[in-house]
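J.: Give me a model of this one.
(chains A and B)
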Amino acid sequence: MKTVMLAALLCIASPFAYAGGDAGAGAQKSKACAACHGADFDTPVSADIPVLAGQHEDYLARALADYKSGSRKNPVMSGQAAALSAQDIADIAAYFSGLPGKLKVIRLHRLVQ
Amino acid sequence: MHYTTGRMDGTAPGGPQTRTLLAGGLSYRIHSPLNIGGYWHQDPGGPGRPLRVRAMKTILGLILFVLTGAALAQAPVGNAEAAKSKISMCIGCHGIPGYKTVFPHVYRVPMITGQSPLYIVNALQAYKSGARQHPSMRGIAQGLSEQDIADLAAYYSTEHK
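T.: I've put the predicted structure just below:
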């Protein structure tokens, strides 16, 4: 019983906790997004639009949840994210993060000599 | 509102009074969309109120001119080389593959190398203004000058082997 209550509490506390996305479903749900972010999600159509391909799955889910909740404010993306459910967000994040792309990390050990 | 129009060289109606007012010219030309291309306009409603209106417009125009000038002067050009002395502020998080932030939520720190300079500038400005609320990024962005932001954006958007 305690475990169930704890689990319920956790669900309430973090509605967008990583739910296990389905990349295949994400590909279907993100078709409209390609108009701005590019068909490969690696070549956005204008410079103010970010690359999404290969970005970390949990960061993408967080960003979409933040647009949806209004804690990250952007007139374009707030509208886009408003219609997404928590499952949509998980699916789309799973799809984007698995795509090949140009994003990378310049490793710390190469910067500090 | 009704206006009569004529050339800036004063060949059209208006007389001395209008010409004097237009001597405040530069700002007047800048602020009014109605006289783009060297045309002026004159409110025919008599010398009393229109005169004040024009004086106000001139002042507004001047303010706008100064602000525009300041804004233009402020957009710094990014220098990726200069950023090399500044990235020590960033690499503790953005330089470790898979590094996680824990507050207020746990998730991996985004990869930023490869985004466009404009997107990076916008993101840093959004943390500065509060449009984006991640506490550590807000703290960091608030300490960055416009030049720092431009330099860091140039650095992180450049190809690195």
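
J.: Can you give the contact residues for stretch B:138-146?
T.: B:74-76, B:89-90, B:124-125, B:127-128, B:130, B:132, B:149, B:152 (C-beta atoms under 8 Å, 6 or more residues apart in numbering or on different chains). The way it works is simple: take the backbone N, C-alpha and C, and place the C-beta from them, glycine included.

J.: what about 10 Å?
T.: By C-beta atoms under 10 Å, 6 or more residues apart in numbering or on different chains, the residues outside stretch B:138-146 that reach it are B:74-76, B:86, B:89-90, B:93, B:121, B:123-130, B:132, B:134, B:148-152.

J.: Convert that stretch to CSV, retaining C-alpha atoms only.
T.: Output of stretch B:138-146 as CSV, limited to C-alpha atoms (Å, rounded to 0.1, in the frame of the first residue of the first chain):
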residue,chain,number,x,y,z
ARG,B,138,19.9,32.3,-15.4
GLY,B,139,22.7,33.0,-12.9
ILE,B,140,25.3,32.4,-15.6
ALA,B,141,23.6,34.5,-18.3
GLN,B,142,23.0,37.4,-16.0
GLY,B,143,26.8,37.7,-15.6
LEU,B,144,27.4,37.8,-19.4
SER,B,145,27.8,41.1,-21.3
GLU,B,146,26.4,41.4,-24.8
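
J.: Can you list the buried residues in it?
T.: B:140-141, B:144 (16 or more other C-beta atoms under 10 Å in any protein chain shown).

J.: any chance of those in TSV, plus secondary structure, distance to B:Pro97 and pLDDT?
T.: Output for the buried residues of stretch B:138-146, formatted as TSV (DSSP: H, G, I helix; E, B strand; the rest coil; distance: C-beta to C-beta, whole Å; pLDDT from 0 to 100):
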residue	secondary structure	distance to B:Pro97	pLDDT
B:Ile140	helix	20	97
B:Ala141	helix	23	98
B:Leu144	coil	24	97
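
J.: Correct me if wrong: A:Leu103 contacts B:Ile112.
T.: Yes: the pair A:Leu103 and B:Ile112 passes the contact test of C-beta atoms under 10 Å, sitting 7.8 Å apart.

J.: list residues touching both of the two?
T.: A:50-51, A:55.

J.: Restricting to those residues, which residues neighbour chain B?
T.: Restricting the shared contacts of A:Leu103 and B:Ile112 to those near chain B by C-beta under 10 Å from any C-beta of the partner chain leaves A:50-51, A:55.

J.: Which strands or helices does the helix or strand containing B:Leu124 pack on?
T.: Per DSSP states H and E: B:Leu124 is located in helix B:117-129. If contacts are counted by 3 or more C-beta pairs under 10 Å, 6 or more residues apart in numbering or on different chains; DSSP states H and E, helix B:117-129 sits against helix B:135-142, helix B:146-157.

J.: Find the residue ranges of chain B scoring beneath the pLDDT cut-off.
T.: Scanning chain B with the threshold set as pLDDT under 70 gives B:1-74, B:159-161.

J.: ok, and which of the helices and strands packed on helix B:117-129 has the densest surroundings?
T.: Neighbour counts (mean count of other C-beta atoms under 10 Å in any protein chain shown) averaged over each of the helices and strands packed on helix B:117-129 peak at helix B:146-157, with a mean of 21.

J.: now the helices for chain B?
T.: Taking DSSP state H, the helices of chain B run over residues B:15-22, B:25-31, B:48-74, B:80-83, B:91-94, B:117-129, B:135-142, B:146-157.

J.: Can you get me the start-to-end distance on stretch B:79-98?
T.: 27 Å (C-alpha to C-alpha, to the nearest Å).

J.: What are the contacting residues of it?
T.: Contacts of stretch B:79-98 (C-beta under 10 Å, 6+ apart): A:56, A:104-112, B:99-101, B:108-113, B:117, B:136-137, B:140, B:143-145, B:147-158, B:160.

J.: Pull out the buried positions in stretch B:115-134.
T.: B:115-117, B:119-124, B:126-128, B:132, B:134.

J.: So for chain A, which residue is the most central one in space?
T.: A:Leu60 (2.3 Å; C-alpha atoms, centre = their mean).

J.: Please report the number of neighbouring residues for the spatially closest residue to A:Ser30 that is not a sequence neighbour.
T.: Of all residues not flanking A:Ser30 in the chain, A:Ile92 sits nearest, at 4.9 Å (C-beta to C-beta, 6 or more residues apart in numbering or on different chains). Using other C-beta atoms under 10 Å in any protein chain shown, A:Ile92 has 27 other residues around it.
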